[in-house]
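Asker: I need the structure of the sequence given here:
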Amino acid sequence: MKSTDFIVIRNNLQQCKVIETHLPDPTALPTDALLVKVTRFAFTANNITYAVIGEQLKYWHLFPAPEGYGIIPVWGFGEVLASKHPDVETGETLFGYFPMATHLVIEASDVSKRGLRDAAAHRQEISPVYNAYVRVSGDPTYAGRQGDYRALLLPLFMLSFLVDDFLAENDFYGARNVILSSASSKTAFGLAHLLHNRPGIRVIGLTSNGNVDFVKSLGCYDEVVTYDHATAMPAAEPVAYVDMAGNSALRETLHRHFGTRMVYSGRVGLTHRASEPDEPALPGAKPVWFFAPDQIRKRAKEWGPGGVDQRFGAAWAGLVPRLPEWLDVIERRGPPAVREAYLDTLQGRVPPKQGLILSLAE
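Answerer: Numbers count the residues shown, from 1 in each chain. Down below sits the predicted model:
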């Protein structure tokens with residue numbers, strides 16, 4: 001058997017191609033291994049972030065590729081075609097972190113009724129959350145359009161949930177105005193939705209001129225400001241800045257505008273991919289990366305077994321009713337369509353209202 005893999009040059013993401021790789025014969029799989037067909041996956045600007053920082057955070061380690069190339073990880077669904085694990089049946093559906101490919105071999109471990117883990121040695125240097133798969137066969141909340149919403153937004157909304165929780169835990173560092181850059185991005189509007197429900201917090205979205213109408217239509221931003229008017233914002237009160245864009249020039253402009261009233265500056269995303277490696281010291285709070293696994297570990301310890309899942313589940317349930325009006329799901333199949341969708345996302349050509357669900361299978 002062969003897998004169709006979509007690969008990119010690690011240091012030149014514009015260069016991409018499709019290759020075929022050999023898979024083990026299903027009857028010759030190692031003990032406890034699964035051969036999984038990747039049926040569909042979401043692709044968003046967040047996946048571009050995975051590629052941009054793939055070396056730094058070891059995302060390239062997850063799915064081996066030829067020298068100099070990488071396979072971008074994606075959230076999606078897979079069907080078990082063959083199983084050598086006694087507790088996993090063929091035909092099961094898994095939800096989790098997959099390669100941009102048609103197939104994946106998983107070394108199943110820690111198998112429970114709810115899920116399993118890939119114990120492949122090359123995957124163990126990264127956070128365990130990326131090696132976990134949920135067993136979702138027969139679960140209507142993972143089927144059809146509900147499943148598409150989960151693939152598109154569930155991992156991003158977990159990040160939104162954790163940033164919201166972190167800021168609230170720290171009383172927003174004394175700020176009552178929270179500024180989100182790249183306000184049209186899915187992680188940003190998920191966070192804005194949560195912040196909007198917190199009494200006394202005012203949410204300001206920074207976006208491009210072309211996305212103003214979409215961001216306003218979401219109804220979860222108290223104010224929408226275009227990047228070219230960022231310095232027109234009043235600078236008299238403390239602000240917390242959540243940087244989804246990763247734009248060094250914008251970050252410097254905001255810090256110099258607000259000065260010491262910039263009480264928190266958290267780096268979350270790289271949607272603009274315009275971050276300089278050497279940035280000058282800036283007035284106000286020092287920009288720091290927000291690392292979601294640290295907050296998960298902290299809350300898992302404080303909230304006990306199931307505490308994170310319970311609270312996140314309630315937050316997700318509050319978001320789901322809004323998604324049909326916020327997102328148009330667009331499905332594309334086959335290598336040419338995946339390549340086009342990838343390059344469109346890389347170049348920022350995908351309208352914010354679109355959610356791409358892709359498959360390399362024709």
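
Asker: pull the contacting residues for Pro293.
Answerer: 127, 129 (CB atoms under 8 Å, 6 or more residues apart in numbering). In short, each C-beta sits where N, CA and C put it, glycine included.

Asker: now do 10 Å
Answerer: Listed by CB atoms under 10 Å, 6 or more residues apart in numbering, the contact set of Pro293 reads 126-130, 162.

Asker: considering the residues you listed, which possesses the most neighbours?
Answerer: Within those, most neighbours by other CB atoms under 10 Å means Leu162, with 23 neighbours.

Asker: after the one helix or strand that one maps to, next one along is what?
Answerer: With secondary structure defined by DSSP states H and E, Leu162 is part of helix 144-169. Next along the chain after helix 144-169, taking DSSP H and E as the criterion, comes strand 177-180.

Asker: format the CA atom coordinates belonging to that next one as CSV.
Answerer: Output of strand 177-180 as CSV, limited to C-alpha atoms (Å, rounded to 0.1, in the frame of the first residue of the first chain):
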residue,chain,number,x,y,z
ASN,A,177,-9.5,46.8,28.0
VAL,A,178,-8.2,43.7,26.1
ILE,A,179,-6.9,44.2,22.6
LEU,A,180,-6.7,41.2,20.2
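
Asker: what about that strand, distance to the chain center?
Answerer: In terms of CA atoms, centre = their mean, to the nearest Å, the centre of strand 177-180 is found 20 Å from the chain centre.

Asker: just give the number of residues close to Ile296.
Answerer: Ile296 has 19 nearby residues by other CB under 10 Å.

Asker: from Ser109, how far out is it?
Answerer: Look at Ile296 and Ser109: by CB to CB, to the nearest Å, they are 20 Å apart.

Asker: ok, Ala285 to Gly174 distance?
Answerer: The value you get for Ala285 to Gly174, if CB to CB is used, is 11 Å.

Asker: for those two, indicate the residue with more neighbours.
Answerer: Ala285 (21 against 13).

Asker: okay, and the common contacts of Ala285 and Gly174?
Answerer: 238-240, 261, 263-264.

Asker: so which of the residues you listed are in strands?
Answerer: 239-240, 263-264 (DSSP state E).
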